[in-house]
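> when you get a sec, could you give me coordinates for this:
(one chain, ligands or ions: 1)
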Amino acid sequence: MLFFYTRSPTDIQRSYRAQSSLKKFGKDPAWIPIVTFNQSAILTNVLTQGCRLVKYHVECPFTDSGIISTMQMTNMDNDHIPKYSVNGEPVLDNFYCEECLYPELHQDGEVIIKTLYLSVDPALRCRMNESTGVDYIGPWEVGKPVSGFGGVGKVVESRNASYTPGDLVETATGWPWKSYYSVVLDEGSDLRKMDTALLGGRITLPLTVLGLIGLTSYLGVMEKGHINQDGNQTMVVSGAAGACGSLAGQIGRLLGCSRVVGICGSEEKCQFLTRDLSFDAAINYKKGDITEELKKSCPNGVDIYFDNVGGDISDTVISQMNPNSHVILCGQIAVYNKDVPYPPPIPTHTETILQKNNITRERFLVLNYQEKFTEAMQQLAQWVLQGQLKYRETIAEGIEKAGEAFVSMMRGGNIGKQLVHVADP
Ligand SMILES: NC(=O)c1ccc[n+]([C@@H]2O[C@H](COP(=O)([O-])OP(=O)(O)OC[C@H]3O[C@@H](n4cnc5c(N)ncnc54)[C@H](OP(=O)(O)O)[C@@H]3O)[C@@H](O)[C@H]2O)c1
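Numbers count the residues shown, from 1 in each chain. Have a look, this model is predicted:
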């Protein structure tokens, strides 16, 4: 059976371009998947012009998949277009997967990159708002491929003297959710070649512990934690079984904390923290009374709090912090689905505790510490190589699962770093 869904006549033109591109590579031009929205009039038009169209999930090496953000389409009356509510949880219907054309090289300096892994990050949630709240990234545009932060890929075609096909590349600061894309690489580009030998073949490391996640955890603790090796300090981490949290707790211990306690959202995660990462205790905030559990787990109070979540959990932790202690304000995921500024306002009684007990709570943004990245990376790499710093990944399979992976991660479906595996090298 043939399926054809299209959105506009432009798609028809694209199908003809695809045909010629396939012919160029000596491939059967009949394989032209296009999936958008159903308009049977255009279907008739195309079929009479001789194109054979296939279901979107048919494998075709000369097409390109992009996950398209569909937010802010609440006024559209087409039932096929998912609706998006800005002030709420992301849902699966906010995303759809579309097959596009394989990119072409148009100019010198350009390369075509095949995506191998994508990073899925909570901060992407702010791109679903009309205003992201920061000036360095804008909101996702309806109908345009989603732009993520981190990715790992392979150069497959090149008109750039510095890159040859086969080079593996990565960045943490901008990667489209596409299976192939073309990009001009110049001096200002953030893309870096990967040394796979150095990584021991573990090509996802730049998206996890040897990338922004590791740097955030390490520099957050170093810069804002005020760890004193002989201080007999207790560190509490929220979002503790996630990418940053699971590293931050281990780093706290490596740098000298005598007790490390994690707060997370399931029994499985608690076990991961205490059994696999040697946290002293773990509290499932979805079960029982966190106030009581914290008192039991932190008999000497809390000296350092690595805060990934904000909200009620953080108010509870702060209420048990010692005088002159420190909050590392890493993230506030509990409020990302609400339409509030970042960092969100905290309740008056929490603010009073902070002031009365002289507790520091400074915003931490890893990108403000770039001059410390090299040194930090050396320390992280050493710990990983020596087996002192463990990391875990939750991997969704296939680019069409990227939206699902994001929604799942925002609801706590991940342990360690949430990634999407798109292709093998
Ligand atoms: N400051 C920086 O420079 C910087 C850089 C990177 C990341 N971050 C921040 O660091 C935090 C962690 O990021 P990550 O990439 O490591 O993500 P992550 O922790 O791997 O994944 C998000 C986790 O948040 C938890 N969560 C979701 N909703 C929650 C809620 N309402 N209350 C409590 N926990 C909730 C879930 O775990 P549970 O099952 O435990 O609920 C989920 O697994 C985020 O806030 C992120 O924005 C900051």
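> tell me the contacts of the nearest residue to Glu157 once chain neighbours are set aside?
Leaving out its chain neighbours, the residue that sits closest to Glu157 by C-beta to C-beta, 6 or more residues apart in numbering is Ile112, at 4.1 Å. The way it works is simple: take the backbone N, C-alpha and C, and place the C-beta from them, glycine included. Residues near Ile112 by C-beta atoms under 8 Å, 6 or more residues apart in numbering: Pro103, Leu105, Val155, Val156, Glu157, Ser158, Tyr180, Tyr181, Ser182.
> tell me where the stretch 51-200 of the chain has strands.
According to DSSP state E, counting those that start in this stretch, the stretch 51-200 of the chain carries its strands in the segments 53-54, 63-69, 95-101, 110-119, 147-148, 151-158, 168-171, 175-176, 180-184, 192-193.
> okay, these in JSON lines with mean pLDDT and distance to Asn308 next?
JSON lines is the format used below for these (pLDDT from 0 to 100; distance: least, C-beta to C-beta, whole Å):
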{"stretch": "strand 53-54", "mean pLDDT": "23", "distance to Asn308": "44"}
{"stretch": "strand 63-69", "mean pLDDT": "52", "distance to Asn308": "24"}
{"stretch": "strand 95-101", "mean pLDDT": "75", "distance to Asn308": "24"}
{"stretch": "strand 110-119", "mean pLDDT": "96", "distance to Asn308": "16"}
{"stretch": "strand 147-148", "mean pLDDT": "88", "distance to Asn308": "19"}
{"stretch": "strand 151-158", "mean pLDDT": "97", "distance to Asn308": "23"}
{"stretch": "strand 168-171", "mean pLDDT": "96", "distance to Asn308": "23"}
{"stretch": "strand 175-176", "mean pLDDT": "91", "distance to Asn308": "23"}
{"stretch": "strand 180-184", "mean pLDDT": "93", "distance to Asn308": "31"}
{"stretch": "strand 192-193", "mean pLDDT": "94", "distance to Asn308": "26"}
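> ok, which of those comes nearest the ligand?
Taking C-beta to the nearest ligand atom, strand 110-119 is the member of these nearest to the ligand, at 8.3 Å.
> next, the angle strand 151-158 makes with the closest one.
Going by axes from the mean of the first three to the mean of the last three C-alpha atoms, to 10 degrees, strand 110-119 is angled at 160 degrees with respect to strand 151-158.
> do strand 110-119 and the ligand meet?
No. Against the ligand, strand 110-119 shows no contacts by C-beta under 6 Å from any ligand atom, the least distance being 8.3 Å.
> now do that strand against strand 180-184, angle only.
On the basis of the same axes, to 10 degrees, strand 110-119 is oriented at 130 degrees to strand 180-184.
> direction included, what does strand 110-119 pair against?
strand 151-158 (antiparallel), strand 180-184 (antiparallel), strand 417-421 (antiparallel) (DSSP bridges).
> deepest of those, which one?
Mean neighbours per residue, mean count of other C-beta atoms under 10 Å, is largest over the strands paired with strand 110-119 for strand 417-421, with a mean of 24.
> so what's the gap between stretch 268-279 and the chain middle?
The chain centre lies 22 Å from the centre of stretch 268-279; the measure is C-alpha atoms, centre = their mean, to the nearest Å.
> end to end on that stretch, go ahead and measure it.
By C-alpha to C-alpha, to the nearest Å, the extent of stretch 268-279 from end to end equals 14 Å.
> separation between the nearest residue to Thr132 once chain neighbours are set aside and Ile213?
Sequence neighbours aside, Cys126 is the residue nearest to Thr132 in space, at 4.4 Å (criterion: C-beta to C-beta, 6+ apart). Relative to Ile213, Cys126 is positioned 17 Å away (C-beta to C-beta, to the nearest Å).
> higher neighbour count, those two?
The residue with more neighbours, out of Cys126 and Ile213, is Ile213; 27 against 16, by other C-beta atoms under 10 Å.
> tell me what angle the helix or strand where that one lies forms with strand 417-421.
Secondary structure from DSSP states H and E places Ile213 in helix 212-224. Comparing the axes of helix 212-224 and strand 417-421 via the same axes, to 10 degrees yields an angle of 160 degrees.
> of the strands of the stretch 51-200 of the chain, which approaches Phe406 most closely?
With C-beta to C-beta, the closest approach to Phe406 among these belongs to strand 95-101: 7.5 Å.
> now stretch 131-138: buried residues?
Across stretch 131-138, burial judged by 16 or more other C-beta atoms under 10 Å covers Thr132, Ile137.
> and that stretch, does that touch the ligand?
No. Counting by C-beta under 6 Å from any ligand atom, the ligand has no neighbours in stretch 131-138; the shortest distance is 11.0 Å.
> name the residues that touch that stretch?
In this structure, residues lying in contact with stretch 131-138 by C-beta under 8 Å, 6+ apart are Cys126, Arg127, Pro139, Pro341, Tyr342.
> first-to-last residue distance for it?
7 Å.
> all further residue positions should be reported with the first residue as 41.
I'll keep to 41 as the first residue from here, and by that count the last item is stretch 171-178.
> avg pLDDT for it?
Averaged over stretch 171-178, pLDDT sits at 81.
> up against the ligand, what does the stretch 91-240 of the chain have?
With C-beta under 6 Å from any ligand atom as the criterion, the stretch 91-240 of the chain comes near the ligand at residues Asp161, Pro162, Ala163.
> if any of those residues are buried, put those into a PyMOL selection.
Entered in PyMOL, the line below selects the buried ones among those, by 16+ other C-beta under 10 Å:
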select buried, resi 161+162
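> what about stretch 159-178, distance to the chain center?
11 Å.
> picking that back up, do the helix holding Ile253 and the ligand meet at all?
Yes. Using C-beta under 6 Å from any ligand atom, helix 252-264 comes into contact with the ligand via Thr256.
> low-confidence regions, the chain specifically.
Residue ranges of the chain with pLDDT under 70: 41-127, 182-183.
> how is it divided into domains?
For the chain, automatic domain parsing gives the domain ranges 147-248+438-461, 252-408.
> next, format those as a markdown table and append distance to Lys430.
Formatted as a markdown table, these follow (distance: least, C-beta to C-beta, whole Å):
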| stretch | distance to Lys430 |
| --- | --- |
| domain 147-248+438-461 | 9 |
| domain 252-408 | 6 |
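> for the stretch 341-465 of the chain, which residue gets nearest to the ligand?
Closest approach between the stretch 341-465 of the chain and the ligand, counting by C-beta to the nearest ligand atom: Gly371, at 1.8 Å.
> ok, now which ones touch that residue?
When contacts are counted by C-beta under 8 Å, 6+ apart, Gly371 touches Pro162, Ala163, Gly279, Cys284, Asp347, Asn348, Val349, Gly350.
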